[in-house]
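Student: Here is a sequence together with a model predicted from it:
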Amino acid sequence: MTRRLPSLNQLRAFEAAARHQSIKMGADELCVTPAAVGHQVKALELALNTDLFRRKTRKIELTDDGRRLFEHLEKALDAIEYAVAQVRPADLTAMLRITIAPFFGNRWLLPRLPEFHKQHPGIEVRPSLSFDYVDLAKSGFDAAVRYGAGEWDGMNAELVCNDTVSPVCAPQLVDGCSLPLPAEDILALPLACGRQWRADWVAWAEASGSDITHPDHITEYDSRAFMFDAALSGHAVILADLRMTAADVAAGSLVRLSPVEVERPQGVYVVSQETPKPNPHLQAFTAWLIGQAHVY
C-alpha cells in the first residue's frame, strides 16, 4: 500500500507554526527563516486545497481544517519522536528550563540545587523565579514547580510532597515560656495565616484536641512570603510547612511550639505537558526533588 502523504517538511513546518501560533517562532524552532516556513505552509495548503491559517496583521489563527489537522499531526509527531528515542542512545547531557514560584525557589529549592548538579553533572537546571502563571505550551519551559492541589487540566502533575504544617514563631514572641506549649496557650497568641487558609488553624486546633476549635484573632496575609515575614519579625504564630521552616528552626530564628502536625491537601507539584514520551532528564529532576522533600 502506498501512503498518500504530503511532504513531511511541509507538515513539520505547519505543526511548529500552529503549536506556537506564530510563523516566526515556528521558524526559530526549526532553525530556518520565517519565509521558508511560510512557503512550506503555503505549499501544504495548495496540496490539500484548503486554508490552514487565517493570516492577520500580527498573528495567525488556525481555520477549522487547520485545527483538525494540527490535533492529529501533533500526536503523530510525538509518537514518531518517541519511536526514534527508543532506538537512539540516551543523551547524557541536557538543559531543563523550570519556572518556579519565588517563595519556594528562594527558600527551599535554590539552596539545594548545587547538590542536584553534583549528582547529575550532565543535567543543567535553569530556574526562572516568577509569580506569573506560565503557559508551558508556548513559553519554552520544560516544566513548572507549582503549589496547589494537583488540578491542572491537560497537564501532567507529579506530586513532590504535601504540606505538613505545625505552629512556629520567632523565639521572642514566647520568651520565658517552656516549650512545647499547650494548644490553648498557642491559640491565645497572635495568629496569622495565608489568604483563604484560615481553615488550617481550625484543622490544627481539632488535631491538638483543644476546646478552642475556631480561633478568631487571625491576621490574613496575601501570600506565604508575607506570612513568614510576620512570623520571623515576631508579630505572629503561623502554621508553616516543616520543610520550609527546617533551616530557620535550626538557625534559631524560628521555634516550633508543638509536636502536633497536620497534613494539608495542597502541596508542591512538578507540572509538565502531557506527552507520550517522558523526558528522562525531567524524571531525574522530579525524583531528586521527591527525595529531598522527604528528608527534613
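Tutor: Cool, the structure landed.

Student: just checking, residue 239 is part of a helix?
Tutor: No: for residue 239, which was evaluated using DSSP: H, G, I helix; E, B strand; the rest coil, the result is strand, with no helix membership.

Student: tell me the pLDDT at it?
Tutor: Listed pLDDT for residue 239 reads 96.

Student: And residue 230, by the same measure?
Tutor: On pLDDT, residue 230 comes in at 95.

Student: need the contact list for it.
Tutor: Residue 230 makes contact with 192, 219, 221, 236, 238 under the criterion CB atoms under 8 Å, 6 or more residues apart in numbering. Quick note: C-beta positions are derived from backbone N, CA and C, even for glycine.

Student: Skipping its backbone neighbours, what lies nearest residue 128 in space?
Tutor: residue 99 (4.9 Å; CB to CB, 6 or more residues apart in numbering).

Student: pretty sure that neighbour belongs to a helix, no?
Tutor: No: Residue 99 is assigned strand when assessed by three-state DSSP, not a helix.

Student: Around it, count how many other residues there are.
Tutor: 23 (other CB atoms under 10 Å).

Student: Isn't it up against residue 131?
Tutor: No: between residue 99 and residue 131 there is no contact under CB atoms under 8 Å: 10.2 Å.

Student: What separation is there between residue 110 and residue 251?
Tutor: 17 Å (CB to CB, to the nearest Å).

Student: Between those two, which has more neighbouring residues?
Tutor: residue 110 (14 against 8).

Student: Neighbours of residue 284, how many?
Tutor: Residue 284, neighbours per other CB under 10 Å, totals 17.

Student: Neighbours of residue 159, how many?
Tutor: So residue 159, with other CB under 10 Å, has 14 neighbours.

Student: what sits against it?
Tutor: Neighbouring residues of residue 159 by CB under 8 Å, 6+ apart: 150, 267, 268, 269.

Student: can you do 7 Å?
Tutor: Applying CB atoms under 7 Å, 6 or more residues apart in numbering to residue 159 gives the contacts 150, 267, 269.

Student: What of residue 14?
Tutor: Taking CB under 7 Å, 6+ apart, we find residue 14 in contact with 41, 44, 52.

Student: ok so, going back, export the contacts of residue 230 as JSON lines, with columns for secondary structure, distance to residue 181 and neighbour count.
Tutor: Output for these, formatted as JSON lines (DSSP: H, G, I helix; E, B strand; the rest coil; distance: CB to CB, whole Å; neighbours: other CB atoms under 10 Å):
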{"residue": "192", "secondary structure": "strand", "distance to residue 181": "16", "neighbour count": "23"}
{"residue": "219", "secondary structure": "strand", "distance to residue 181": "19", "neighbour count": "14"}
{"residue": "221", "secondary structure": "strand", "distance to residue 181": "22", "neighbour count": "18"}
{"residue": "236", "secondary structure": "coil", "distance to residue 181": "15", "neighbour count": "22"}
{"residue": "238", "secondary structure": "strand", "distance to residue 181": "14", "neighbour count": "29"}
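
Student: Now distance to residue 80 too, for those, in CSV please.
Tutor: Below are these laid out as CSV (distance: CB to CB, whole Å):
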residue, distance to residue 80
192, 53
219, 56
221, 49
236, 56
238, 51
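
Student: Lovely, talk soon.
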